[in-house]
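> Quick check, what structure comes out for this input:
(2 chains)
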Amino acid sequence: MPTYQIKVNGSVRSVDVSEDTPLLWILRDHLDLVGAKYGCGIAQCGACTVHLDGQAVRSCVLTAAQVSGKEITTIEGLSEDGSHPVQQAWKEVDVPQCGYCQAGQIMTAAAFLDKNPNPDSAEIKSAMQGNLCRCASYSRIYKAVEKAASRMG
Amino acid sequence: MSTSKPNMTFSRRDFMRTSSLAGGGILIGFNLFTACKPEASPPVDLASLNYNDFNAFIKIADNGAVTIFSPNPEIGQGVKTSMPMLIAEELDVAWDKVLVEQGVLDTKNYTRQVAGGSQSIRFGWDPLRQTGATARQMLINAAASRWGVEPSECTTSEGVIKNASGETLTYGDVVKDAAGMEIPEKVKLKKRSEYKIIGKDTWNVDLDKIVTGQPLFGLDYKKEGMVIASVMRPPAFGQKLDSYDDAGAKEIPGVIDVIRFGDKIAVLAKDTWTAMKGKKALKASWKDDGTLESTSDHDRILTGLLDGKDFQTLRADGDIKKAFASADKVLERTYESPFLPHNCLEPMNFYADVTSDKIHLVGPIQTPERTAQEIAEKLDRSPEEIHLEMTRMGGGFGRRLYGDFAMEAAEISSKAGKPVKVVFSREDDMAAGIYRPAIKYRIKAAVKNGEVTGYHLKEAAVNSNMYGLIPNFFPAGAIENYQVDVAKHDSNITTGAWRAPYTNFLAFAEQSFFDELAEMMEVDKVQLRLDLLQKVKGTTDERIQYSPERMEEVIKTAVEKSGWGKQPDGVYQGFVNYYCHNSHVAEVANVEIEDGMPVVKKIICVVDCGIVVNPLGALNQIEGGVIDGVGHAMYGDFAFENGVPQSGNFDAYRLIRINEAPEVEVHLMENDHSPTGLGEPTLPPAGGAVANALKAATGKRLYKQPFTKYPELLIVPEKEIIG
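Take a look at the predicted model:
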């Protein structure tokens, strides 16, 4: 099996996987980073969202070859201690119900607010609509993004 | 009027045990599940109880730190936070000094764990507060004895005991003495006005772990030597395995083994992706082993049942035949719903390590006790050999009441002789569902002299019918001649509980019907409901558990808060009131027209669930329940063709998204009633509220879910489009 150098959360990690292995399973099964979640495997639910060179991407449909040489950030590396303004807002608003989708929601929100720190309501909804929450904690996701924006903007 | 309070007749001593800890401190063990059962009775032989019979513990260290070990499974409804709040309140400690841990202590022997079920707070309300109060009293008794004063002279505040002369001792100072004291038989509970924790916003205890991506869920669980199993199951309900060829799968590097068990084939690999790939490389042929049913068959069969005479009568008051024969007007309507998968965002998964001396099971399950028993039976082992650990669950909605995936893991591990984690793909999860059954309701009402004189509700469902007290929900008791009849079609498609079973669709049917009935009677829609409730007041029928007084308050509050009947042009409203899971709810949907299409902008939701233990958590449950209800009524559809599910993933199964979610405005009724359910009761009314508002906007009534399947009914007449 080929060996890939994966640059994740600031360090370079070496993995031996088949070339079609999605980044999601490299993170979860080979690098012990389980913050990105499996929900659909076809980029429909957003639970697996990570940052690739600062862009929010679906790690379930990216292969090792596609991410090689690029900077990957997962929820574990978004901040050292959960102090990123989006994580803080998520805690203050008490967003999670079951909590399974929330790492993906946070990663989508963080990349979005980085580019658009002063979004309006429609922009927030448009940015977050690729992330499913089966518990439908959408009211609080919206509130938390608004709150984080007020601090990042 | 009967209340929802469970019968509590046992004594504290029967359920608690204390002991000193080697490292200092006291451990108070109690059986949460037994204590919270409504029919709880003391164990036969108390002396034989040991710590393996307890599944919840309060640990007070000699520095005063309090840890509450709660075994109650967390599926997102917040009980891992709210149940320990009840203990901490009566123990009288500061909430920020309490640590809550999932699971049990690391006891020498494995401890069997059990689940509290969907009525956690309702049944836990009394026993959990009494447990906390008992521990507090023991600490007071220990302090009083040291001081040589009467315990009644002592008070507590946030972990500090004070006597009449102003001397103080902390809980930590006296834990050692308390461990040896007798468990008091009678303890005094706080009044609501004395609460410091109950009723205060309390944040989810797992928040930090969730927002930093720490391992919490079953899918995150890892163990040395564990392999992943991806399972191929019959593609259609009604088929079984004929033969298979695993050569292609075995050629894939990383595939360890291919194992047949029953009509299923498991591909074992060292990682998840390889296991999933291995499964795709399997070649299997299947043969029919029963009827291959399609959605068109269910449509025809359920209609046939409603038209037929083969019913079981669940409630009959008066004489509906006479009522219909003498009616001035009769309204009859039929309502239809599809099957629904649960689609927990964390797909089903479970870990099993079956060895000759024990069975270790880990994963997300709502019914660990039953699952452990079933696995013991299947593998011909003693339940004592099973150790089951629960993880946090990425959603439940009823799916994780069924332990099929845990059974698969145990069977595969047993055959493979390895620790195995079964992981469902999303496609597996949708295709191996235990679905909400397709249901049709037919409702018929008789009106005479402006009064509703007869009401006949008929249910035709796949596999199972409404149960328990549902036939006695509103309008039972309000209409003289009233009857509920049910019939079912036995299918090989697996069905089961789905968030708010039966009521999740029945509420839409009945509340749409009332809306239309009011139109036919030419009376105000809310007034019709209030008038009917008047007739239930003072009923002596013990099966009627809803309170007309509480329902009336909820309705009146919803009218006021929603501005019912006073909305500006362009805002169309739909009204619903409903009782289920022992809570009373009213919801008003506001629909507006945008770009010529009706849009659900807002739901005003009024809830009476008694005392609210954690308002912050409660609001989350309510908002989520309402949006979940709107989403499934609008979009949820799941069909079968010759036994094969027709949707496999989220590209073909639509769940509501943030841009489609209405604003939810919540109003909680304040009263002193014991807490009742919140995880479910706000979901059922949402679909009806939306349908009634859409009727107001479009002039067209919806009888079938999901609404978006019938776009011709969602068109707004030209004259209604403003601007």
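> only C-alpha atoms for contact and neighbour calcs from this point on.
Fine.
> Residue B:683 versus the residue in the stretch 451-600 of chain B that chain A sits nearest to, what's the distance?
As assessed by Cα to the nearest Cα, chain A sits closest to residue B:499 within the stretch 451-600 of chain B, at 11.0 Å. Residue B:499 is 8 Å from residue B:683, where distance means Cα to Cα, to the nearest Å.
> Surely residue B:390 touches residue B:360?
No. Residue B:390 lies out of contact with residue B:360 (Cα atoms under 8 Å); the separation is 11.2 Å.
> And the lowest-mean-pLDDT helix or strand in chain A, what does it pack against?
Here the helix or strand of chain A ranked lowest by mean pLDDT, DSSP states H and E is helix A:64-67, holding a mean of 92. For helix A:64-67, the contact count by 3 or more Cα pairs under 8 Å, 6 or more residues apart in numbering or on different chains; DSSP states H and E identifies strand A:3-8 as packing neighbours.
> and the strand it packs on, what does it pack onto?
Strand A:3-8 packs on strand A:11-16, helix A:64-67, strand A:71-73, going by 3+ Cα pairs under 8 Å, 6+ apart.
> could I have it exported to CSV, CA atoms only?
Only the C-alpha atoms of strand A:3-8 are listed here, as CSV (Å, rounded to 0.1, in the frame of the first residue of the first chain):
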residue,chain,number,x,y,z
THR,A,3,2.5,5.7,2.0
TYR,A,4,1.1,9.3,2.2
GLN,A,5,2.3,12.2,4.2
ILE,A,6,-0.7,14.0,5.7
LYS,A,7,-0.3,17.4,7.2
VAL,A,8,-2.9,17.6,9.9
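> ok so, going back, so between residue B:499 and residue B:683, which is more surrounded?
Taking neighbours as other Cα atoms under 10 Å in any protein chain shown, residue B:499 and residue B:683 compare with residue B:683 leading, 29 against 22.
> Please see if stretch B:600-612 touches chain A.
No. Stretch B:600-612 lies apart from chain A when judged by Cα under 8 Å from any Cα of the partner chain; the minimum separation is 11.3 Å.
> buried stuff in that stretch?
B:600-612 (16 or more other Cα atoms under 10 Å in any protein chain shown).
> do the same with stretch B:156-164
Buried residues in stretch B:156-164 (16+ other Cα under 10 Å): B:156, B:158-163.
> got a list of contacts for that stretch?
B:64, B:91-94, B:140, B:143-144, B:149, B:153-155, B:168-171 (Cα atoms under 8 Å, 6 or more residues apart in numbering or on different chains).
> How far away from the center of its chain is it?
Distance, stretch centre to chain centre, for stretch B:156-164: 39 Å (Cα atoms, centre = their mean, to the nearest Å).
> Could you check the pLDDT of residue 15?
Looking at chain A here, since you left the chain open. Among the per-residue scores, residue A:15 shows a pLDDT of 95.
> switch to chain B, that's the one I care about
Value for residue B:15, per-residue pLDDT: 57.
> The one 10 residues further on too?
The pLDDT attached to residue B:25 in the predicted structure is 74.
> was I right about it contacting residue B:60?
Yes. Between residue B:25 and residue B:60 there is a contact at 5.5 Å, judged by Cα under 8 Å.
> between the two, what contacts are shared?
B:172, B:175.
> Do you have the strands of the stretch 451-600 of chain B handy? List them.
Secondary structure of the stretch 451-600 of chain B (DSSP state E, counting those that start in this stretch): strands at B:451-462, B:481-489, B:571-580, B:583-594, B:597-608.
> Can you redo the ones you listed as JSON lines, where the extra columns are mean pLDDT and distance to residue A:119?
As requested, the strands of the stretch 451-600 of chain B are exported to JSON lines (pLDDT from 0 to 100; distance: least, Cα to Cα, whole Å):
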{"stretch": "strand B:451-462", "mean pLDDT": "98", "distance to residue A:119": "47"}
{"stretch": "strand B:481-489", "mean pLDDT": "98", "distance to residue A:119": "52"}
{"stretch": "strand B:571-580", "mean pLDDT": "97", "distance to residue A:119": "27"}
{"stretch": "strand B:583-594", "mean pLDDT": "97", "distance to residue A:119": "22"}
{"stretch": "strand B:597-608", "mean pLDDT": "97", "distance to residue A:119": "20"}
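> Tell me the secondary structure at residue B:176.
helix (DSSP: H, G, I helix; E, B strand; the rest coil).
> measure it to residue B:26 for me?
Counting by Cα to Cα - residue B:176 and residue B:26 are separated by 6 Å.
> so what sits against both of the two?
Counting by Cα under 8 Å, 6+ apart, the contacts common to residue B:176 and residue B:26 are B:20, B:62.
> Which one's more surrounded, those two?
Between residue B:176 and residue B:26, counted using other Cα under 10 Å, the more crowded position is residue B:26 (27 against 21).
> For that one, name its beta-bridge partners.
residue B:20, residue B:60 (DSSP bridges).
> Enumerate every residue touching it.
B:18-20, B:59-62, B:175-176, B:178-179.
> If you rank those residues by neighbours, which is first?
residue B:175 leads the contacts of residue B:26 on contacts (other Cα under 10 Å) with 29 neighbours.
> so residue A:147 is in which element?
Assessed by DSSP states H and E, residue A:147 sits inside helix A:138-152.
> Contacts for that helix next, please.
With Cα under 8 Å, 6+ apart as the criterion, helix A:138-152 contacts A:85-86, A:88-90, A:92-95, A:105, A:109, A:113-114, A:117-119, A:124-125, B:620, B:623-624, B:657-658, B:661, B:663-664.
> Which ones among the contacts of stretch B:156-164 lie within strands?
B:155, B:168-170 (DSSP state E).
> okay, these in TSV with pLDDT, neighbour count and distance to residue A:32 next?
As requested, the ones in strands among the contacts of stretch B:156-164 are exported to TSV (pLDDT from 0 to 100; neighbours: other Cα atoms under 10 Å in any protein chain shown; distance: Cα to Cα, whole Å):
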residue	pLDDT	neighbour count	distance to residue A:32
B:155	96	14	50
B:168	97	17	49
B:169	96	19	46
B:170	95	20	43
